[in-house]
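Q: pasting the structure only:
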């Protein structure tokens with residue numbers, strides 16, 4: 001038991017030893033210190049049932065089958081699973097704070113053999129999970145070990161029943177255009193698709209229709225929307241509002257997903273309900289697995305219940321609090337950040353702080369995040385080098401960080417679970433071993449943490465004892481909301497860039513009509529010929 005002033009929580013001897021070494025560095029070094037925390041705790045038995053929507057087809061899989069399909073795991077003597085094409089989106093059901101909706105599945109992991117418990121609800125639903133796996137209750141997230149027969153678990157309505165609301169079926173208006181390359185059997189095409197195609201070909205609608213009826217050679221030079229790949233989406237849901245501002249090109253799977261969301265309005269599926277805990281019994285050791293879902297809702301429906309997991313935040317909070325007290329620095333919710341820009345601003349305007357970045361809470365480290373944000377992270381670490389901060393970064397997978405950032409770290413704490421009594425465990429990998437672990441992953445695409453660990457120990461769930469949990473959740477929710485708003489702004493920016501590109505290329509088109517060469521057009525527009533070529537390439541890809 002570690003006692004720090006009035007706070008009591010468990011941190012074993014190895015963890016204390018690591019923290020003391022960091023405190024020693026804090027007092028001696030004139031530069032910043034960076035600790036990395038990673039890990040994904042798999043906590044469900046392989047027979048757990050997950051409802052998956054893929055290619056507009058919904059069916060049930062065990063979590064073990066999902067792992068094998070997503071990771072192409074082949075077992076000797078057994079018929080191999082055909083690996084899914086990861087470019088095809090897969091969706092599972094998640095709780096978004098109000099309702100249960102489809103959320104994109106981005107990965108599955110195997111977590112080895114662990115001690116599991118069977119949780120049975122009064123409605124008959126059962127699930128096998130480790131004692132630290134969390135479930136959504138009427139009082140918020142609770143670990144299985146903290147559940148009692150007084151708790152009510154959130155459940156999903158697995159079967160959709162009509163709510164009795166009547167709905168008018170909207171039928172698309174079609175025109176007969178037999179020369180169109182994608183007309184249906186009756187030689188007809190939807191009006192909204194024709195309107196969109198006339199727009200991308202820079203033609204008046206009536207002119208475009210005339211060409212489709214009479215100019216077979218001209219048709220070969222035009223652009224068309226392939227209905228096998230893409231759809232024209234009505235933004236306001238009104239199939240009779242065919243204003244070009246209301247039409248948007250979508251991939252077929254994205255379009256189906258959008259309509260699956262609107263379809264919920266006529267069914268009660270998606271409205272969660274609660275069922276009381278009946279019993280929890282120990283089943284012994286079993287193979288366990290976990291899923292990763294797209295930000296910001298890191299939970300999913302398993303055997304009809306809403307499940308989640310946690311680990312890195314607890315370990316990093318426990319260590320940050322200990323390091324703070326031992327080094328005379330303050331640590332609280334105000335030192336925890338979920339938003340990258342907010343952390344950068346705080347770090348640049350202060351000194352000698354303990355700063356915890358809970359990136360994992362927002363599920364970042366996507367390819368988009370890696371490309372756009374890690375430059376900011378690297379710049380911040382360079383600028384703050386002399387400000388003597390102690391940084392603790394929570395990330396799902398350390399190897400998705402830029403190599404330059406990994407090289408700056410003093411250590412990596414890999415968080416995992418096992419079948420022992422301790423609810424959470426860590427492996428300590430020092431800086432000199434961390435480079436070897438990274439090289440190992442680069443060559444094998446597998447991070448062998450056990451091979452490179454120096455120490456390992458355990459921790460408990462400490463957030464309620466050490467920080468204001470209500471303020472912590474409030475800050476996290478605000479960061480998630482900001483993230484969602486930022487994505488909307490990026491979409492608007494992207495649309496504006498496409499619009500600007502089209503305006504510029506229309507200008508080029510007008511110059512070409514006047515017989516000017518490419519070099520002469522570039523001079524008239526006051527740009528270089530290379531820029532003009534780049535615009536032309538971008539235009540052809542639209």
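A: Received, thanks. Keep in mind that this is a model prediction, so the values were computed, not measured.
Q: what pairs with the helix or strand where residue 277 lies, parallel or antiparallel?
A: Taking DSSP states H and E as the criterion, residue 277 maps to strand 273-293. Paired neighbours of strand 273-293 in the sheet (DSSP bridges): strand 44-45 (antiparallel), strand 100-121 (antiparallel), strand 152-155 (antiparallel).
Q: flag every buried residue along that strand.
A: For strand 273-293, the neighbour count (16 or more other C-beta atoms under 10 Å) marks 275, 277, 280, 286-293 as buried. C-beta coordinates here come from the backbone N, C-alpha and C atoms, glycine included.
Q: from those residues, pick the one nearest residue 97.
A: Using C-beta to C-beta, residue 293 is the member of the buried residues of strand 273-293 that sits closest to residue 97, with 13.9 Å.
Q: coming back round to it: with mean pLDDT as extra columns, can I get the strands paired with strand 273-293 in CSV?
A: Shown next, in CSV, are these (pLDDT from 0 to 100):
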stretch, mean pLDDT
strand 44-45, 90
strand 100-121, 81
strand 152-155, 94
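Q: would you list these in CSV and tack on distance to residue 349 and mean neighbour count?
A: Putting the strands paired with strand 273-293 into CSV (distance: least, C-beta to C-beta, whole Å; neighbours: other C-beta atoms under 10 Å) gives the following:
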stretch, distance to residue 349, mean neighbour count
strand 44-45, 43, 26
strand 100-121, 35, 19
strand 152-155, 41, 21
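Q: so which of these comes closest to residue 138?
A: So among the strands paired with strand 273-293, strand 152-155 is nearest, using C-beta to C-beta, at 4.7 Å.
Q: by contact count, what packs against the helix or strand that that closest one is followed by?
A: Note on strand 152-155: by DSSP H and E, the next helix or strand toward the C-terminus is strand 174-176. Here strand 174-176 touches strand 188-190, helix 191-200, going by 3 or more C-beta pairs under 8 Å, 6 or more residues apart in numbering; DSSP states H and E.
Q: let's see that with 6 Å instead.
A: Counting contacts by 3 or more C-beta pairs under 6 Å, 6 or more residues apart in numbering; DSSP states H and E, strand 174-176 is packed against strand 188-190.
Q: pairing partners for the strand it packs on, with directions?
A: Per DSSP bridges, strand 188-190 is paired in its sheet with strand 174-176 (antiparallel).
Q: which parts of the strand it pairs with are buried?
A: 174-175.
Q: and what of stretch 43-60?
A: For stretch 43-60, by 16+ other C-beta under 10 Å, it's 43-46, 48, 50-54.
Q: okay if I get the residues you listed as JSON lines plus distance to residue 443 and secondary structure?
A: Shown next, in JSON lines, are the buried residues of stretch 43-60 (distance: C-beta to C-beta, whole Å; DSSP: H, G, I helix; E, B strand; the rest coil):
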{"residue": "43", "distance to residue 443": "30", "secondary structure": "coil"}
{"residue": "44", "distance to residue 443": "31", "secondary structure": "strand"}
{"residue": "45", "distance to residue 443": "32", "secondary structure": "strand"}
{"residue": "46", "distance to residue 443": "29", "secondary structure": "coil"}
{"residue": "48", "distance to residue 443": "33", "secondary structure": "coil"}
{"residue": "50", "distance to residue 443": "32", "secondary structure": "strand"}
{"residue": "51", "distance to residue 443": "37", "secondary structure": "strand"}
{"residue": "52", "distance to residue 443": "32", "secondary structure": "strand"}
{"residue": "53", "distance to residue 443": "36", "secondary structure": "strand"}
{"residue": "54", "distance to residue 443": "32", "secondary structure": "strand"}
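Q: rewinding a little: average pLDDT across the strand holding residue 277?
A: What strand 273-293 shows for mean pLDDT is 88.
Q: cool, and stretch 319-332?
A: The model assigns stretch 319-332 a mean pLDDT of 86.
Q: would you mind identifying the next helix or strand past the helix or strand hosting residue 375?
A: Taking DSSP H and E as the criterion, residue 375 maps to helix 367-383. Going down the chain from helix 367-383, the next helix or strand is strand 390-394, by DSSP H and E.
Q: helices or strands next to the strand or helix carrying residue 523 in the packing?
A: Assigned by DSSP H and E, residue 523 belongs to helix 518-525. Applying 3+ C-beta pairs under 6 Å, 6+ apart, we find helix 518-525 packed against helix 529-541.
Q: any idea how far residue 214 is from residue 195?
A: For residue 214, the distance to residue 195 equals 19 Å [C-beta to C-beta, to the nearest Å].
Q: tell me which of the two has more neighbours.
A: Neighbours were counted for residue 214 and for residue 195 using other C-beta atoms under 10 Å; residue 195 has more, 17 against 10.
Q: ok, that one - contacts?
A: Contact analysis of residue 195 by C-beta atoms under 6 Å, 6 or more residues apart in numbering lists 205, 242.
Q: give me the pLDDT for it.
A: Looking at residue 195, its pLDDT stands at 92.
Q: just residue 139 next, same as before
A: 81.
Q: leaving out the residues flanking it, which one is nearest to it?
A: Closest residue to residue 139 apart from its sequence neighbours, by C-beta to C-beta, 6 or more residues apart in numbering: residue 151 at 7.4 Å.
Q: repeat for residue 141
A: residue 134 (4.6 Å).
Q: before we move on, what about residue 388?
A: residue 352 (4.9 Å).
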